[in-house]
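> Got a sequence here, can you build the structure:
(2 chains)
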Amino acid sequence: EAGVTQFPSHSVIEKGQTVTLRCDPISGHDNLYWYRRVMGKEIKFLLHFVKESKQDESGMPNNRFLAERTGGTYSTLKVQPAELEDSGVYFCASSQYSGPYEQYFGPGTRLTVT
Amino acid sequence: AQSVTQLDSHVSVSEGTPVLLRCNYSSSYSPSLFWYVQHPNKGLQLLLKYTSAATLVKGINGFEAEFKKSETSFHLTKPSAHMSDAAEYFCVVSENTNAGKSTFGDGTTLTVKP
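Just a heads-up that it's a prediction; the model follows:
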């Protein structure tokens, strides 16, 4: 069974540019989560999809971040325009059920904004 | 509201000696608790989880953790460290609700000396 995959593994962009991160969850997992770890701090929740619907987006930092999950399969997280403080590692996770169940994490995308 | 405190940012042990990684939590709900491990350039992997069953939880690779409600702790232990245990470890608390929103600790980096 393939795990959660994320693309790209690393992205370096300049301040003001746009970047799109992609996450492919485990097949059949309706729940998809995005998290972010900034500058070695704690991993913070960004948002939660159930199929194609946003269940909870309370962790999204501002309107420069847009997440989509068309068709309830893969998800994209777009940052436009990127700022220096957006640098960090963005993790995606998926789970079969909502609630306090194991989430399967991808390897993360390291975003560097210069 | 929920929070997690990992009491040590770095722990160093010698191979073959015991490992103790400390975690305290707070939660308005009866929580589910998890320990995840992240090896370099890999995704987070679940070590073990507590979901209101037995208070002593056994996980993979010889790790175990004990849920102590009176102390609001969920410390991770292993009797004998192996070089391959060197990684970063995260304690996570999750609401026992449909959302299952997860809150991460800051992480503890475990170094194993030969």
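> Return the set of buried residues in stretch A:89-107.
Neighbour-count burial for stretch A:89-107, counted by 16 or more other CB atoms under 10 Å in any protein chain shown, picks out A:89-95, A:98-100, A:102-107. Every residue, glycine included, has its C-beta placed from N, CA and C.
> what about it, how long is it end to end?
9 Å (CA to CA, to the nearest Å).
> how far is it from where the chain is centred?
Remark: stretch A:89-107 is offset 10 Å from the chain centroid, using CA atoms, centre = their mean, to the nearest Å.
> Please determine how far A:Lys78 is located from chain B.
When distance is defined by CB to the nearest CB, to the nearest Å, A:Lys78 is 22 Å away from chain B.
> For the strand or helix carrying that residue, output the C-alpha coordinates as PDB.
Assigned by DSSP states H and E, A:Lys78 falls within strand A:75-79. Extracted in PDB, the C-alpha atoms of strand A:75-79 (Å, rounded to 0.1, in the frame of the first residue of the first chain):
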ATOM      1  CA  SER A  75      -5.000  18.200  -2.200                       C
ATOM      2  CA  THR A  76      -3.100  21.300  -3.000                       C
ATOM      3  CA  LEU A  77      -1.900  24.100  -0.700                       C
ATOM      4  CA  LYS A  78      -1.100  27.400  -2.500                       C
ATOM      5  CA  VAL A  79       0.700  30.200  -0.900                       C
END
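> Pull up the pairing partners for that strand, direction included.
strand A:19-24 (antiparallel), strand A:65-68 (antiparallel) (DSSP bridges).
> Can you say which of those strands is packed in most?
strand A:19-24 (a mean of 19; mean count of other CB atoms under 10 Å in any protein chain shown).
> next SSE after that strand?
strand A:31-37.
> Report pLDDT for residue 71.
Using chain A. For A:Gly71, the pLDDT comes out at 87.
> oops, I was thinking of chain B
B:Glu71 is given a pLDDT of 93.
> Please, which helix or strand holds it?
Judged by DSSP H and E, B:Glu71 forms part of no helix or strand.
> Which residues are in contact with the closest residue to B:His39 other than its chain neighbours?
What sits nearest to B:His39 in space, not counting adjacent residues and going by CB to CB, 6 or more residues apart in numbering or on different chains, is B:Ala87, at 4.7 Å. Residues near B:Ala87 by CB atoms under 8 Å, 6 or more residues apart in numbering or on different chains: B:Val37, B:Gln38, B:His39, B:Pro40, B:Thr109, B:Leu110.
> For the first one, name its beta-bridge partners.
If I follow you right, that is B:Val37. Beta-bridge partners for B:Val37, by DSSP bridges, are B:Gln45, B:Tyr89.
> Could you measure from A:Trp34 over to B:Pro18?
Going from A:Trp34 to B:Pro18 by CB to CB, to the nearest Å gives 36 Å.
> Give me the neighbour count for the closest residue to B:Ala1 other than its chain neighbours.
Nearest residue to B:Ala1, sequence neighbours excluded (CB to CB, 6+ apart): B:Ser28, at 6.0 Å. Neighbourhood size, B:Ser28 [other CB atoms under 10 Å in any protein chain shown]: 8.
> Tell me how far the residue nearest the centre of chain A lies from A:Gly40.
With distances taken as CA atoms, centre = their mean, A:Trp34 lies nearest the centre of chain A, 3.5 Å away. The spacing between A:Trp34 and A:Gly40, counted by CB to CB, is 19 Å.
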